[in-house]
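Peer 1: Any chance you can model this:
(4 chains)
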Amino acid sequence: MSDIPPATPEAAPSPAAARRAGGAPAAVRHGLTILLPAVAVFAVAPRIYPNGALLFAMMTFLVLAQGINVIFGFTGYLPFGYVGFFGTGAYAASLALLRLHLAWPLAMLAGAVAAALLALLLMPLLRLSGAYFAIASLAAAEAMYQLVSNPALVPITNGPYGLSLQAVYDGPVSYGAMVGVLALTLAILIYLRTSRFGLALQAIRDDPASAATAGVDVVRSRALAWLLSALMAGLAGGVYAWHVSVFYPDTVFDLSFTVFAIVFVLFGGPATILGPLFGTLALYGLYDAIGISTPQYFQFIYGLLIVVLVLFLPEGLVSLLRRRGIRVP
Amino acid sequence: MALLTVHGLSAAYGPLQVLWAVDLEVGAGESVALLGANGAGKTTLLRAILGLVPTLAGEVSFDGEALGGLPPDARVRRGLAYMSETGVFPDLTVDENLEIGAFALPRAQVAARMAEVLALFPDLAGRRRALGRSLSGGQRKMLGVAKALMGRPRLMVMDEPSAGLSPRMVGAVFEILARLREQGLGLLVAEQNVRFLDLADRAYILEGGRVRGQGKVADLRRDDAVRRAYFGLEEA
Amino acid sequence: MALLVYSLLAGLMFGLFYALVGLGLNLVFGVMRIVNLAHGDFLMLGAFGAYWAFTLLGLHPLWALLLEVAAFILLGFPLYHLLVPRLLRSRDPEMLSFVLFFGVSQVIEAVAIIAFGNTQRSIFAPVFGTQPVSLFGQTFPAAWAVSALVSLAAIAAVYVYLYRTRLGYATRAIMSNREEALTSGIRVHRLSALAFGIGLALAAAAGVLSPFMLGSIDPNMGVDITTAAFAIVIIGSLGNPLGTILGGLVYGLSLTLMQTYLSSWSAMVPYVLLLLILLVKPSGLLAREARHV
Amino acid sequence: MSAGRGSRPLAAVAAVLGAWAAAAVLTAGSGVWAAGTQVAPKEIVIGTLYAGSGSFANSSMPEYAGLTFWVKTVDASGGVYVKAYGKKIPVVLKSYDDQSSTSTATTLYGQLITSDHVNILVADFGSVLTSVAIPIAAEHHMLLFDQTASGISLFSPKNPYMVDTSIRTSALWPTPLAQFLLSRHVRRVAVVYAANDFDQSQAQTLVRLLAAGGVHPVADTSVPTTTTDYATLLHTLAAQNPQAVIEFGYDNNDIAWFQNLSQSGLKFPLVFTIYPGLETALLLKDAGPAALAYTYTYAAPPLVAYNKVTVGLGVSAFLKEFPKVMPGGTLNFQTIAGYNTGLVIQEALATSPSLDQLALRHAVQALSGHMTTLEGPFQINAAGAQVGEPMYIAQFFPTAHGVRLLPVYPADHAQHAPVYPAP
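Peer 2: A predicted model of the protein is given here:
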């Protein structure tokens, strides 16, 4: 069912163990040691490092990687068309700003809600197994892209001509909004990593039948994770659109958003908080260093990395630590 | 010298060890039964002999040659035939199934061999262009045996040839096996149906992945414990 | 009316071409139960091979096609042994193959862009004659007719291989039950590698025809082609190579009909068809039994 | 085009810019005034992007070569004259390859502004790759020298940080085309356009002008800009029996269009496309002279030769000089456009009292109506959109060895009588 080997004991602590270590305190500890520093760094960084566009892109990928982590890491579904939620969020939020003149927090929320609605619509896809699900979600994202960019819908979405939010553009505030989205994302991940719900999801991933017999509501839990993950992408999409403020359908439905995010998760290690975080910081940083003007060199390294990871280290870098008995949050 | 020798074989599925230091022998032309409850490791043992299950320790040799490390197809080409519980390719026709069975033979011999084998199975001879999946359960078993025979094996390893068959079909299958045995084909058969014991020279009893007993069938029949466990109940 | 005849005939030609596009993907899935997500990229390589052979050497695309088929079959062996056996030993080969070949796809795309430039290219079409072909009062580019015939020939060749040769029987035996094939004395890895190579060769052959059917080629075309190939294969039913023909025809006809009558929506066809089929009948139109999900 | 037409918007924009400048001065404190007393920089850094590959490569690379040519010629003469420092300063070109990708371009524009701190920001070719630079430039208060983005929707009077140097606003291009069609009494017109700002605004203008003349198109369809297969569409159009088929696209669209057209066996009395006039050699190579014979396109420099110029080289001189400095470089309209961008920058630096971006913008505005380059009269409106640099209509005529492109409309620029319908 899943491509991820059953979690090793220390990867999936029993609720009892979590409580012994202090269930709520664990969440608080992660909040203090992971969430807070991450948010602080990104909040302060623009004052030290001038290329805000890059910092912003990195936060976007952090959110997307964690979003994919929720559905892929914790439930084993690989959403190839994850960017569909991102693009949908971008368009919904932008249209809410442009056409409905909503205040920005409401507009960003509209983006998240639209993405969640799309996820709801695509819920039947969760019945499909492995590769079928991945392909179907890709097709759904492409269909969404074709819909949004269709010349017949110019009166609503402005079709292939893209949208311009220059009238409501606000660089610093949209940057701050993305910091907020990042904080929310990390909070969700900390919750999944320390709660019974997160544990139930991993149980479903490893063995749906046993999970069901153990009293886990398989369908409902999966659906929740799916919605949560879509919500995160929708939120990120909305804030991203606002920040770049001029974009075309192919900018926000660009498959490389999914690609990058998947690689970041795979590289760091799915079903952890730190894995995708580390994967994004390391690889996107590397991309920044060598890839920007010739992304192909980077694409090449990515591709090789995926091949090597799948064949030799399907649980990511954190599994190296795990093998030495080090628990990674 | 035995045709097939299994010595100290241990095997595992992932973290779960299934076989523990199993020793077993089948001589040329000998007919051996492998007895044991469900989950005793019978199928795993047969699969390990064929190289389908990685082994942890021990050795399998055939005709004096150690098979360790050889892939299943290479073992089959050395004269070891295997008939799984399913036994046939459902998406191929009877003819094609037999053709596959003869893969190890030189092409020139295939037609003659097919005629020989089909002569043993008149039921199949009439349905040569039918797909495997369209055959009845009994016909499928027959086709499985026929396919295994195509490559002129010296030892046939069979996993529950009677499973899922009506008593009448079971009889037909055993009749075939009896005939093969007369022709000097070695048989290693995992079976719960005691009727097969009439055909067997010797038997091994597998319990929890270990050999718990072995001997001539006639001797085993006299052993009370064994009889209760493997003969009496089945006969009822 | 004339327009309908035109689009039906064009749909038929495109259908045959698209059947060829999907055939290799389905063969590989059928034999190995792995998803070659780099299928479209191999097609792209085939296309560029023909483009350069024509541009630099003046080699006719049909000669390039024959050479490429041989070359890609040979390429299949090392590639298979490098990737597939290790993959098949993993916990969930089908799912992991998806990710693995996605990586392969990225590598191919990157190398192609570095080598060829990220630029659309087309082969000057008159290599197949300047005169359009007339059929039922409608005119079609000669290249379409040639591509349709070549596709048909390639499909026929695959049929003959699978249903009229011993190697073909054995290949189908592996598709039917891999383990049973192993214990029947079939050299499964060798034949799988061959099937893998044939799958790549079919992609390359479709690639040679693609500049004529799609208008132009570029190093990024792979993803779209792979998705289209998926739609075709799943419509026909995954793992059943002959079903691909049906899938290709359904796909080609719906595409040209949409282009004719509702052109702005035609780009959605592959994705919507794929979603519909997956949701309504995941096993495909030709499947014997519903695939467990 | 008379110089007087631009003067009234000029006054308006001067007022707007004055207000902006005042605001800038207030916020920037002494920065602007200090510029005058500062030591002159060692070099003027011009930052730009080019598409080394991808769908815009064929247009972007010649344009980039044109700009490079300008940098080289200026530096050969000791640099560009900068009024703010009263002396010549060498010019340096800082450039990156965006590979025709908008997302790569977004990051790279940011890089040019925030990391490289360029003095002058020049956009890549065309509306698509320029559009993503607009908000970034505005956010960082950098004037964006837009070379060839002419989609009218990109310009806004509220954004002073953008000016179109080298291409007429695309909404104005089809005016002579509409007049030509109406003058020939063409009633059945089919319009196909690629869905992007550049082509859409041309299609909209054409349809509007035709409607004003009582002609309503028998077809008006858009296709994705990535379209390279027009075969089925051509048959759909043919079913309408059009007298004229107008296809607005980028170069890849036009190449595919002509390849499909010649393969389809269909014939139309009049075919018009954009790029054969702008990138003639490329179209001749990829579509073939036979396909282009008797079709129409825009007449732009170098076909239309402006030799009486107030700044830089005239067309004839440019055609002679360019190959000497950039041997092997493609020479077409885009090359001229790139060079023209350099000329506008040169004149802005020569007249602006400081290197402040709004001062530069003001200087460019002041050039409008007072400068003629090898692209013709330079004229921009209050929003920074180009309304000068006109385009005419040309037609391909068969010759003994290929085809020849000649202006055919309007009459005062024609070198040959138009042939309609095509034989």
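
Peer 1: Might you enumerate the residues of chain B proximal to chain C?
Peer 2: Counting by Cβ under 8 Å from any Cβ of the partner chain, chain B comes close to chain C at B:50, B:52, B:71-73, B:76-77, B:82, B:84, B:86-92, B:96-97, B:99-101, B:103-104, B:107, B:132, B:147, B:151. C-beta here means a position set from N, CA and C on the backbone, and glycine is covered the same way.

Peer 1: In chain B, which residue sits nearest chain D?
Peer 2: In chain B, no residue comes nearer to chain D than B:Asp91, which is 37.9 Å away by Cβ to the nearest Cβ.

Peer 1: dump the residue contacts of the residue nearest to that residue when sequence neighbours are not counted.
Peer 2: Once flanking residues are discounted, B:Asp91 sits nearest to C:Ser176: 4.1 Å by Cβ to Cβ, 6 or more residues apart in numbering or on different chains. Taking Cβ atoms under 8 Å, 6 or more residues apart in numbering or on different chains as the criterion, C:Ser176 is in contact with B:89-92, B:132.

Peer 1: Then A:Val39?
Peer 2: A:179, A:182-183, A:186.

Peer 1: which SS state does it fall under?
Peer 2: helix (DSSP: H, G, I helix; E, B strand; the rest coil).

Peer 1: Let me see the confidence value for it.
Peer 2: On pLDDT, A:Val39 comes in at 90.

Peer 1: same deal with the one 5 residues further on?
Peer 2: At A:Val44 the predicted local confidence, pLDDT, stands at 88.

Peer 1: Buried ones in the helix or strand containing it, by neighbour count?
Peer 2: Using DSSP states H and E, A:Val44 falls within helix A:36-48. Buried residues in helix A:36-48, counted by 16 or more other Cβ atoms under 10 Å in any protein chain shown: A:38-39, A:42, A:45-46.

Peer 1: near chain B, which residues of the stretch 101-250 of chain C?
Peer 2: So the stretch 101-250 of chain C meets chain B at C:166, C:169-170, C:172-173, C:175-177, C:179-189 (Cβ under 8 Å from any Cβ).

Peer 1: Quick one: buried ones out of the residues you listed?
Peer 2: Buried, going by 16+ other Cβ under 10 Å: C:169-170, C:172-173, C:175-177, C:179-189, out of these.

Peer 1: Excluding sequence neighbours, find me the nearest residue to the closest residue to chain D within the stretch 1-150 of chain A.
Peer 2: The stretch 1-150 of chain A approaches chain D most closely through A:Ala53 (3.6 Å), counting by Cβ to the nearest Cβ. With sequence-adjacent residues excluded and distances taken as Cβ to Cβ, 6+ apart, A:Ala53 is closest to D:Gly110, at 3.6 Å.

Peer 1: Number of residues surrounding the one you found?
Peer 2: The burial count assigned to D:Gly110 is 23, neighbours taken as other Cβ atoms under 10 Å in any protein chain shown.

Peer 1: got the phi/psi numbers for it?
Peer 2: Here is the backbone geometry of D:Gly110 (degrees, to the nearest 10): phi -60, psi -40.

Peer 1: give the contact list for it.
Peer 2: Per Cβ under 8 Å, 6+ apart, neighbours of D:Gly110: A:51-54, D:136.

Peer 1: let's see it at 10 Å
Peer 2: Going by Cβ atoms under 10 Å, 6 or more residues apart in numbering or on different chains, D:Gly110 touches A:50-54, A:56-57, A:292, D:132-133, D:136, D:139-140.

Peer 1: Now do it against D:Leu270, distance only.
Peer 2: Relative to D:Leu270, D:Gly110 is positioned 46 Å away (Cβ to Cβ, to the nearest Å).

Peer 1: do the same with B:Arg75
Peer 2: B:Arg75 is 76 Å from D:Leu270, by Cβ to Cβ.

Peer 1: now swap in D:Gln240 and tell me
Peer 2: 14 Å.

Peer 1: quick one, what contacts the closest residue to chain D within the stretch 201-329 of chain A?
Peer 2: Residue nearest to chain D within the stretch 201-329 of chain A (Cβ to the nearest Cβ): A:Ser245, separated by 4.3 Å. A:Ser245 makes contact with A:94, A:97, A:163-171, A:174, D:132, D:134-136, D:138-139 under the criterion Cβ under 10 Å, 6+ apart.

Peer 1: Just give me how far the one helix or strand C:Val208 maps to sits from the chain centre.
Peer 2: Assessed by DSSP H and E, C:Val208 sits inside helix C:188-214. In terms of Cα atoms, centre = their mean, to the nearest Å, the centre of helix C:188-214 is set 7 Å apart from its chain centre.

Peer 1: Which ones among the residues of chain B next to chain C map onto helices?
Peer 2: Of the residues of chain B next to chain C, the ones assigned to helices by DSSP state H are B:50, B:72-73, B:76-77, B:96-97, B:99-101, B:107, B:147.

Peer 1: where's the dip in pLDDT among those?
Peer 2: Among those, B:Arg107 has the lowest pLDDT, at 84.

Peer 1: That one contacts C:Thr165, doesn't it?
Peer 2: No - using Cβ atoms under 10 Å, B:Arg107 is not in contact with C:Thr165, being 11.1 Å away.

Peer 1: okay, now D:Ala57: neighbour count?
Peer 2: Neighbours of D:Ala57 (other Cβ under 10 Å): 23.

Peer 1: dump the residue contacts of it.
Peer 2: C:117-120, D:50-51, D:64, D:97, D:99-100, D:125, D:251-252.

Peer 1: Need the three-state assignment for B:Ala33.
Peer 2: From three-state DSSP, the assignment for B:Ala33 is strand.

Peer 1: which ones are touching it?
Peer 2: Here B:Ala33 is in contact with B:187-191, B:193-194, B:196-205, B:217, B:220, B:230 (Cβ under 10 Å, 6+ apart).

Peer 1: Ok, D:Thr351 next?
Peer 2: D:Thr351 touches D:81, D:83, D:359-360, D:362-364, D:366-367, D:370, counting by Cβ under 10 Å, 6+ apart.

Peer 1: which of the residues you listed lies closest to D:Val39?
Peer 2: Closest to D:Val39 out of the contacts of D:Thr351 is D:Lys83 (15.9 Å), distances taken as Cβ to Cβ.

Peer 1: picking that back up, surely the residue of the stretch 1-150 of chain A closest to chain D touches D:Gln111?
Peer 2: Yes - between A:Ala53 and D:Gln111 a contact is recorded at 8.0 Å, counting by Cβ under 10 Å.

Peer 1: Burial check on the nearest residue to C:Ala19 once chain neighbours are set aside, number of neighbours?
Peer 2: Distance criterion Cβ to Cβ, 6+ apart; nearest residue to C:Ala19, sequence neighbours excluded, is C:Gly248 at 2.7 Å. C:Gly248: 29 surrounding residues under other Cβ under 10 Å.

Peer 1: and C:Gly248, what element?
Peer 2: Going by DSSP H and E, C:Gly248 is part of helix C:243-261.

Peer 1: What sits closest to residue 186 if chain neighbours are left out?
Peer 2: Since you didn't name a chain, this refers to chain A. A:Leu186 sits nearest to A:Leu35 (Cβ to Cβ, 6+ apart), 4.3 Å away.

Peer 1: Not quite, go with chain C.
Peer 2: Nearest one to C:Ile186, counting by Cβ to Cβ, 6+ apart, is C:Ala170 at 4.8 Å.

Peer 1: quick one: the one you found and chain A, what's the gap?
Peer 2: As judged by Cβ to the nearest Cβ, to the nearest Å, C:Ala170 and chain A stand 25 Å apart.

Peer 1: The following helix or strand past the helix holding C:Val208 vs helix C:188-214, what angle?
Peer 2: The helix or strand immediately downstream of helix C:188-214 is helix C:222-236, counting by DSSP H and E. Between helix C:222-236 and helix C:188-214, the angle comes out at 110 degrees (axes from the mean of the first three to the mean of the last three Cα atoms, to 10 degrees).

Peer 1: any idea how far helix C:222-236 is from the chain center?
Peer 2: 8 Å.
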